[in-house]
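J.: How does the following fold in three dimensions:
(4 chains)
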Protein chains: 2
Amino acid sequence: MSNLAVNNDTCSHGFVQASCTNCNLKGLCLPLAMDIKDIDRLNTIIQRSHPIQGGEHLYRAGDKFSSIYAVRSGSIKTYMIDDDGIEQITGFYLPGEVLGFDGIDTNNYGCNVVALETSIVCEIPFSRLEELTLQIPTLQRHFFQLMSRHIETNHQMLLTLSKKNAEGRVATLLLSLSQRYSRRKLSPNAMRLPMSRMDIGNFLGLTIETVSRIFSRLQKENIISVDGREVVINDHDRLNEICHKAR
Amino acid sequence: MSNLAVNNDTCSHGFVQASCTNCNLKGLCLPLAMDIKDIDRLNTIIQRSHPIQGGEHLYRAGDKFSSIYAVRSGSIKTYMIDDDGIEQITGFYLPGEVLGFDGIDTNNYGCNVVALETSIVCEIPFSRLEELTLQIPTLQRHFFQLMSRHIETNHQMLLTLSKKNAEGRVATLLLSLSQRYSRRKLSPNAMRLPMSRMDIGNFLGLTIETVSRIFSRLQKENIISVDGREVVINDHDRLNEICHKAR
DNA sequence: CGCCCCATTGAGACGGCTCAACTTGCGTGG
DNA sequence: CCACGCAAGTTGAGCCGTCTCAATGGGGCG
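T.: Numbering: from 1, shown residues only, chains lettered A, B, ... in the order given. Got it, this is the predicted structure:
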């Protein structure tokens, strides 16, 4: 990417071609305390790609690992397929969230990554990132932290799957999305789910029928309002109670 | 720690005081391609502590994050406790495995860590490790890889909890332990489980009764032989089939 | 319009949980 | 030394939550 593009808002492709410097998500995917100078250095290695359509894969499990990705807009899911063809969604990613860390170990990606809707991602070539993290201690620390956060998120998910009943799992997901949207300055109460019931069920270890029934039940009790993928949380407190209830 | 201790096999405490250089686990917790010179540098920052007894905590969730730990002997479990006091074991750690990465993000440990039996761990102060990883690219890469492997292991566990029935979960754990022991040059068929039925059930999202019943059933079918914590795997293939079977 | 995909809802089956009784091994104290 | 208590594990009976299977409804698109 040419440095000329830095600080321009559009480029020849016609879609937004932003720099990290003026990206309103930088508080999420970059260290808060990072130098403008260092951000610019990072900026020069980041490649911003064309939008990817919903259903389109960014990469697949087994592909040669090359880059880390940050979601700029839209939403992404990652899933693995085991030897028997069983699929497990391992995460949903919203703008500002970073993915691809599972490829570092074996040098091949461990997950499949697919867009849930039209999305834009920032690609960070790992070999160049590694050089930068050696030079910018804050940046090394930051990527250690990002990976650490991944691990913690996964631990939380283990608890959800291991200890909560169907209602608790759905409630936990809804509150997680709500929190993450509100951190992006969106309403914590009204949201459009980027994923299907199928995806939710797969992620939470439930069938789509159970997910559907839970949604209906929560609606009947006026805790949420559901219309397809549109969800409004009417009663955060009761939803929270449901999360924090053993099975 | 004095450099004088390097390459000595014992120290004044009377227990083994080894260096990484002659540690037979270094193939597991250190980069294969690491310079002797660099290993020595890492060695000078590593603190080897007294053995910790079974049931004794290495640290607790919320404690100030300071170090990464490598298991030298014995075995360790990590667990989190959520707001409602529900405990979830997040991992078992065998010699050569590294833990503590969950503390990097918030600068407080996210998990409780307790020894399952008398164990020895190597403590790696993180601030000094960070300095070294900036100077030794292989080492930086290695710790990125270790964290990446953690993430992959967790993903695998999500699949286990989300998609497998009780039998599949137990079989998966047994095979995982078997593999990990054999990588440590121990028998892949006969082992002594370091954890209780309670721990197994907690980790796998099952009750102890169910775990016990599964053990009995697998024994009746001659797939394993169980005597308390002593387990012999008689039929790896059938155990493997059970793992790879949808619920 | 008709087709397909996704979602919803109902009825019945089944796997794992709950509750309870019993066994075994171990440490403690009379 | 045995009696006792306690913790860990095993086993059985019945219940409950989630899955399975099936039917139906609704929206997008050729």
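
J.: in chain A, which spans are helices?
T.: Secondary structure of chain A (DSSP state H): helices at A:26-29, A:36-45, A:126-135, A:137-163, A:166-183, A:197-204, A:208-220, A:236-243.

J.: list the buried ones in stretch A:126-137?
T.: Within stretch A:126-137, the residues that qualify as buried are A:126, A:129, A:130, A:132, A:133, A:134, A:136, counting by 16 or more other CB atoms under 10 Å in any protein chain shown. Just so you know, the C-beta spots here come from the backbone N, C-alpha and C atoms, and that holds for glycine as well.

J.: Switch these over to a markdown table; also include pLDDT.
T.: As requested, these are exported to a markdown table (pLDDT from 0 to 100):
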| residue | pLDDT |
| --- | --- |
| A:126 | 97 |
| A:129 | 96 |
| A:130 | 96 |
| A:132 | 95 |
| A:133 | 96 |
| A:134 | 96 |
| A:136 | 95 |
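
J.: wait, which of the residues you listed is closest to residue B:113?
T.: For the buried residues of stretch A:126-137, the closest approach to residue B:113 (CB to CB) belongs to residue A:133, at 27.2 Å.

J.: Throw the helices of chain A into TSV and include distance to residue B:181, thanks.
T.: What follows is the helices of chain A, written out as TSV (distance: least, CB to CB, whole Å):
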stretch	distance to residue B:181
helix A:26-29	40
helix A:36-45	42
helix A:126-135	33
helix A:137-163	23
helix A:166-183	33
helix A:197-204	32
helix A:208-220	38
helix A:236-243	37
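
J.: In JSON lines, list those along with distance to DNA strand C.
T.: Output for the helices of chain A, formatted as JSON lines (distance: least, CB to the nearest atom of the strand, whole Å):
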{"stretch": "helix A:26-29", "distance to DNA strand C": "27"}
{"stretch": "helix A:36-45", "distance to DNA strand C": "37"}
{"stretch": "helix A:126-135", "distance to DNA strand C": "33"}
{"stretch": "helix A:137-163", "distance to DNA strand C": "9"}
{"stretch": "helix A:166-183", "distance to DNA strand C": "11"}
{"stretch": "helix A:197-204", "distance to DNA strand C": "3"}
{"stretch": "helix A:208-220", "distance to DNA strand C": "3"}
{"stretch": "helix A:236-243", "distance to DNA strand C": "16"}
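
J.: Quickly list the domain ranges of chain A.
T.: As given by automatic domain parsing, the domain ranges for chain A are A:15-149, A:164-243.

J.: any chance of those in JSON lines, plus distance to residue B:163?
T.: Compiled in JSON lines, the domains of chain A are given as follows (distance: least, CB to CB, whole Å):
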{"stretch": "domain A:15-149", "distance to residue B:163": "5"}
{"stretch": "domain A:164-243", "distance to residue B:163": "7"}
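
J.: re earlier: among the helices of chain A, show the one with the smallest mean pLDDT.
T.: The minimum mean pLDDT among the helices of chain A belongs to helix A:26-29 (a mean of 86).

J.: Going by neighbour count, list what's buried in that helix.
T.: A:26, A:28, A:29.

J.: Let me have these in TSV, extended by distance to residue B:66.
T.: Formatted as TSV, these follow (distance: CB to CB, whole Å):
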residue	distance to residue B:66
A:26	29
A:28	27
A:29	26
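
J.: Please report how far the most centrally placed residue in chain A lies from residue A:134.
T.: In chain A, the C-alpha nearest the mean C-alpha coordinate belongs to residue A:93, at 1.2 Å (CA atoms, centre = their mean). Relative to residue A:134, residue A:93 is positioned 27 Å away (CB to CB, to the nearest Å).

J.: coming back round to it: what about the helices of chain A, which gets the closest to residue B:167?
T.: The minimum distance between residue B:167 and these falls on helix A:137-163, with 16.4 Å, by CB to CB.

J.: by contact count, what packs against the closest one?
T.: Packing partners of helix A:137-163 (3 or more CB pairs under 8 Å, 6 or more residues apart in numbering or on different chains; DSSP states H and E): helix A:36-45, helix A:126-135, helix A:166-183, strand B:76-81, strand B:87-93, helix B:126-135, helix B:137-163, helix B:197-204.

J.: is it anywhere near DNA strand D?
T.: No - if you take CB under 7 Å from any atom of the strand as the test, helix A:137-163 misses DNA strand D, and the best it gets is 10.8 Å.

J.: Any idea how far that helix is from the middle of the chain?
T.: Its chain's average C-alpha position is 12 Å from that of helix A:137-163, according to CA atoms, centre = their mean, to the nearest Å.

J.: list the buried ones in it?
T.: A:139-144, A:146-163.

J.: for stretch A:213-221, same thing?
T.: A:214, A:215, A:218, A:219.

J.: that older thread, among the buried residues of stretch A:126-137, which pair sits farthest apart?
T.: Pairwise across the buried residues of stretch A:126-137, and taking CB to CB, the largest span is found between A:126 and A:136, at 15.1 Å.

J.: which one of the buried residues of helix A:26-29 is nearest residue A:238?
T.: Closest to residue A:238, out of all of the buried residues of helix A:26-29 and judged by CB to CB, is residue A:28, at 28.9 Å.

J.: Contacts only, for the residue nearest to residue A:86 when sequence neighbours are not counted.
T.: Nearest non-adjacent residue to residue A:86, counting by CB to CB, 6 or more residues apart in numbering or on different chains: residue B:163, 5.3 Å away. By CB atoms under 8 Å, 6 or more residues apart in numbering or on different chains, the contact set of residue B:163 is A:86, A:88, A:205, B:246, B:247.
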